[in-house]
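Visitor: Fold the following, please.
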Amino acid sequence: MLTGRNPVDRGKKGSKLHVLSDAQGLPLALGVSGANVHDSQALLPLVLGIPAIRSRRGPRRRRPGKLRADKAYHSAEHLRWLRSRGIVPRIARPGIESSERLGRHRWKIERSISRLFGYRRLTVRYERKGSHFLGFLGLAAALTCYKKLTQPAT
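Guide: Numbers count the residues shown, from 1 in each chain. Below is the predicted model of the structure:
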């Protein structure tokens, strides 16, 4: 069954999940966009949505030191914007870099996304409004962080 008028119709219904996590895989910022929206348009709201991180000394940090992302988030504008905020971009370049170099860090975000989709309510989207889905997504992220942070250290 086709979703549009023809097989290459780009106006498909659906949603896409965007997650920004720390080095341990804890979700810091979440976003939901339409399935027909390019991934690169979600990068700036995700970075701006990072909450303040308390540090032992100095002011609270609102940005990571490095940002790793896949090829869909690569653009000259994003690289300039990230560097102007003091963030070192580690974004794969389309057609140049293989997935092995940056792929060794990708498993952390993939694990984070799989933890979120481990909640039954998120595996199939039943909500019509994106704000409702984002609310359930935030709840799942909070539960994921709670479970991870309350585990005894091994």
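
Visitor: Helix, strand, or coil at the residue positioned nearest the centre of the chain?
Guide: The centre of the chain sits closest to residue 19, judged by Cα atoms, centre = their mean, with a distance of 1.8 Å. With DSSP: H, G, I helix; E, B strand; the rest coil as the basis, the three-state label of residue 19 is strand.

Visitor: Could you measure from it over to residue 152?
Guide: From residue 19 over to residue 152 the distance is 26 Å, taken as Cβ to Cβ, to the nearest Å. (Each C-beta comes from the backbone N, C-alpha and C, glycine too.)

Visitor: got a list of contacts for stretch 111-119?
Guide: Residues outside stretch 111-119 that contact it (Cβ atoms under 8 Å, 6 or more residues apart in numbering) are 17, 19, 21, 25-27, 122-123, 136-137, 140-141, 143-144.

Visitor: try 7 Å this time
Guide: Stretch 111-119 is contacted from outside by 17, 19, 21, 25, 27, 122, 123, 137, 140, 141, 144, using Cβ atoms under 7 Å, 6 or more residues apart in numbering.

Visitor: What of stretch 76-89?
Guide: 40, 43, 44, 63, 64, 65, 66, 67.

Visitor: Could you identify the most distant pair in those?
Guide: The largest separation in the contacts of stretch 76-89, counting by Cβ to Cβ, is between 40 and 65 at 21.5 Å.
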